[in-house]
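Q: this is the structure alone, sequence omitted:
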């Protein structure tokens with residue numbers, strides 16, 4: 001495992017002490033190494049997880065206790081601060097961004113599979129409660145022509161390159177520290193096909209794509225928060241092409257309560273336009289970050305707007321964040 005970590009570092013070196021590189025995703029050489037890792041066998045158990053503000057209460061009461069051992073280096077445990085919109089930046093209305101996406105000369109193609117980095121908050125409640133801890137990881141899913149696919153999950157936090165990372169990915173629910181780049185799971189799945197979303201190929205016109213997203217949600221009429229959940233589920237399975245990005249931007253332009261906020265730099269150093277939805281039903285705020293030229297979704301951040309002393313939450317704490325890469 002140490003050899004694998006060293007190869008990843010060599011393929012994607014980060015200049016020490018240079019903050020410009022701390023939020024950088026893996027480059028093409030490092031991702032090639034990740035793809036090589038995908039094809040080797042691993043006995044580790046696959047851990048699947050999803051997170052949304054709607055499920056935060058259920059997940060928050062899990063009896064998780066922080067245990068740091070086996071390392072003398074400070075682990076990267078600090079929760080990411082909420083993204084801040086650049087002062088003085090001009091918000092771009094979603095309908096205008098959708099027009100830009102439709103007129104873009106980008107020729108990106110739809111690809112089954114995904115690559116994203118994620119942060120999620122783990123909490124405890126009750127007399128044994130401890131401060132919340134952030135669990136960062138990177139996930140790469142690649143499909144093959146025969147319908148089989150591979151999934152690799154790595155513990156890493158680009159904000160703190162080289163530092164140990166907290167994880168609870170093993171069968172033992174107690175969080176622990178692992179080396180940066182530690183492979184949490186590596187699985188190969190046999191050929192499979194489905195005509196149901198999100199496994200089914202997404203359409204590239206807005207009307208059919210909205211119906212596709214509604215089928216992911218399956219709760220009836222979607223509100224904006226459910227729409228954002230369905231979008232995240234779609235992007236966890238597919239890397240959208242130019243046409244799909246444009247169609248999705250058009251759907252988002254019609255979403256009630258999703259308002260433009262201005263320019264923002266995401267956690268991987270990319271410039272985007274932020275769109276905010278106040279989820280008052282769950283005391284949360286959701287920030288969607290889109291590429292200002294192509295309409296591609298770059299990230300989705302969930303924060304709480306109301307403190308919860310029992311869980312150790314303060315207003316503005318980041319509950320989860322995902323950054324999708326191509």
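A: Perfect, I can see it now. Since we're looking at a predicted model, the values are computed, not measured. Numbers count the residues shown, from 1 in each chain.
Q: residue 185 - how many residues pack around it?
A: Counted with other C-beta atoms under 10 Å, the neighbours of residue 185 add up to 19. The way it works is simple: take the backbone N, C-alpha and C, and place the C-beta from them, glycine included.
Q: partner residues bridging it?
A: residue 153 (DSSP bridges).
Q: in three-state terms, label residue 91 for me.
A: coil (DSSP: H, G, I helix; E, B strand; the rest coil).
Q: how near is the closest residue to it other than its chain neighbours to residue 227?
A: Among residues not flanking residue 91 along the chain, residue 260 sits closest, at 3.5 Å (C-beta to C-beta, 6 or more residues apart in numbering). Between residue 260 and residue 227 the computed distance is 16 Å (C-beta to C-beta, to the nearest Å).
Q: among the two, which residue is more densely surrounded?
A: With neighbours defined as other C-beta under 10 Å, residue 260 and residue 227 compare such that residue 227 has more, 23 against 18.
Q: with adjacent residues omitted, what lies nearest to the more buried one?
A: Nearest non-adjacent residue to residue 227, counting by C-beta to C-beta, 6+ apart: residue 255, 5.7 Å away.
Q: that neighbour against residue 226, yeah?
A: No - between residue 255 and residue 226 no contact is recorded; they are 10.2 Å apart, counting by C-beta atoms under 8 Å.
Q: state the next helix or strand along the chain beyond the helix or strand harbouring residue 210.
A: Residue 210 belongs to helix 206-217 when assigned by DSSP states H and E. Note on helix 206-217: by DSSP H and E, the next helix or strand toward the C-terminus is helix 224-235.
Q: what sits up against that next one?
A: Helix 224-235 is contacted by residues 50, 52-54, 114, 116, 197-198, 202, 212-214, 216-217, 219, 222, 240, 248, 251-252, 255-258, 277, 279, 281-282, 286, 288, 297, 300, 322, 324 when judged by C-beta atoms under 8 Å, 6 or more residues apart in numbering.
Q: again with stretch 254-274
A: So stretch 254-274 is in contact with 20, 23-25, 80, 83-86, 89-94, 97, 117, 119, 158-159, 223-224, 227, 252, 275-278, 287-292, 298-299, 321, 323, 325, going by C-beta under 8 Å, 6+ apart.
Q: got a quick ChimeraX command for the buried subset of those?
A: Those of the contacts of stretch 254-274 that count as buried under 16 or more other C-beta atoms under 10 Å are selected in ChimeraX with:
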select :23,25,80,83,85,91,92,94,97,117,119,158,159,223,224,227,252,275,276,277,287,288,289,290,291,292,298,299,321,323,325
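Q: of the contacts of stretch 254-274, which belong to helices?
A: Within those, residues falling in helices by DSSP state H are 94, 97, 224, 227, 252.
Q: now, which of these sits nearest residue 315?
A: Using C-beta to C-beta, residue 224 is the member of the ones in helices among the contacts of stretch 254-274 that sits closest to residue 315, with 21.1 Å.
Q: pLDDT value on that closest one, please?
A: The pLDDT attached to residue 224 in the predicted structure is 96.
Q: and it, how far from residue 277?
A: To residue 277, residue 224 is 5 Å away according to C-beta to C-beta.
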